[in-house]
Structures are given as C-alpha cells and as structure tokens.
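[1] Here's my sequence, what's the structure:
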Amino acid sequence: MAFFGLLAGILAAICHALPVQATTTERVVTNRYSGLAIEGFDPVAYFTDAAATQGQPEFEAAESGAIWRFRNEGNRASFVAHPEIYGPQFGGYDPTDLVRGVTCAGNPRFWVVVGNRLYLFNREHSRDAFAADPARFLKEAAARWPELEEDLAQ
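    Presented below is the predicted three-dimensional model:
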C-alpha cells in the first residue's frame, strides 16, 4: 500500500513539473483545456450576423488542430469550405501585439472585420487603435507574422 502511495506521489510530481502549453504557443489560438478555437465562438457569425455568437456543441468541425463551433449547420459548412476566409487572421492573435513582436491571444469579444477578414484583439483599446488605421497595422503585422508563426508550436 505504501509503495502505491509513493508511486502515485512520484507520478503526480512528474506531471506537475511538466510544462503546461499555453494558448499562445499554438498556431491557432485554442483553449488548452477544451481544444476549442476562439473559445467556442462561431467564426462565420462575425460575417453573417455582425456579432460574436457562441457556437453549439452539435455543430463542430476540426481544422488546424482545433475544434471550431458554429451556431448552425450552414455556418459550419461555410467554414469547412473556406476556413482561410472565416477563420481569424494571424491564427486569432492580436495584430496590434504582433506589430510589437509578441503573440497575445485575441479575445473573441473584441473583434473587427476589415477587408472581409476577421481580426481578434486582446483588449478593447487595441481593437479601437487598429480600427482607426487598419492599413498600417496590417502591413506591420503581416511583416512580423511569418517569424512569429515559425516560433509557435505546430
């Protein structure tokens, strides 16, 4: 009995010492516990409803190593056909932070669609700054993104 207690303690210590992979070490921002992309919000609804809408578990699709949720089958089908259009740009990372050279996960509640592309932001202030001059931010973020993306886990 003591042996099993000791073994359980050792295994617990080993598991506790293993690094937990944060959401900002993935090429697509996902919840590390659920595997959901953009916290389960429907990426297509930003375009069709101009709103951040929670997806439903019965309408899911796997893409880019993440589980995406949708509010209906039509949105799921649209995303599966064109994930490069409906998925958040830069993997869901805040483009204003990319300009600074860091990867910070965007919050699906702070968003904007520019040029038929979805962008998520870490803070409301970042979204507002981006919306005031999207061309400047997009140019600088796009220039930094390849190097930053390379450093993210595959």
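[2] ok, residues contacting stretch 83-90?
    Outside stretch 83-90, the residues within contact range by C-beta atoms under 8 Å, 6 or more residues apart in numbering are 28-29, 37-38, 43-44, 47, 63-64, 68, 78-79, 95, 98, 106, 111, 116-120, 141, 145, 149. For glycine as for every other residue, the C-beta is placed from the backbone atoms N, C-alpha and C.
[3] Filter those residues down to the buried ones.
    28-29, 37-38, 43-44, 47, 63, 68, 78-79, 95, 98, 106, 111, 117-120, 141, 145 (16 or more other C-beta atoms under 10 Å).
[4] In helices only, show me the residues you listed.
    Phe47, Ser78, Phe79, Pro95, Leu98, Ala141, Trp145 (DSSP state H).
[5] In these, find the pair that's most separated.
    Using C-beta to C-beta, those reach their maximum pairwise distance at Ser78 and Leu98, which is 26.3 Å.
[6] Val113 should be in a strand, yeah?
    Yes. Per DSSP: H, G, I helix; E, B strand; the rest coil, Val113 lies within a strand segment.
[7] Contacts only, for the spatially most central residue of the chain.
    By C-alpha atoms, centre = their mean, the chain has its centre lying nearest to Val29, at 2.5 Å. Counting by C-beta under 8 Å, 6+ apart, Val29 makes contact with Thr23, Ala37, Ile38, Pro88, Gly91, Gly92, Tyr93, Ala105, Gly106, Leu120.
[8] which pair in those spans the largest distance?
    Thr23 and Pro88 (13.0 Å).
[9] So, low pLDDT: which residues of the chain?
    Low-confidence segments of the chain (pLDDT under 70): 1-25, 153-154.
[10] mind redoing it with 80?
    Judged by pLDDT under 80, the chain has its weakly predicted residues at 1-26, 152-154.
[11] Quick one: the strands in it, in order.
    56-63, 66-70, 107-114, 117-121 (DSSP state E).
[12] buried set for the third one?
    If I follow you right, that is strand 107-114. Neighbour counts over strand 107-114 (16+ other C-beta under 10 Å) mark Asn107, Pro108, Phe110, Trp111, Val112 as buried.
[13] Pull the distance from that strand to the chain's centre.
    Distance, stretch centre to chain centre, for strand 107-114: 11 Å (C-alpha atoms, centre = their mean, to the nearest Å).
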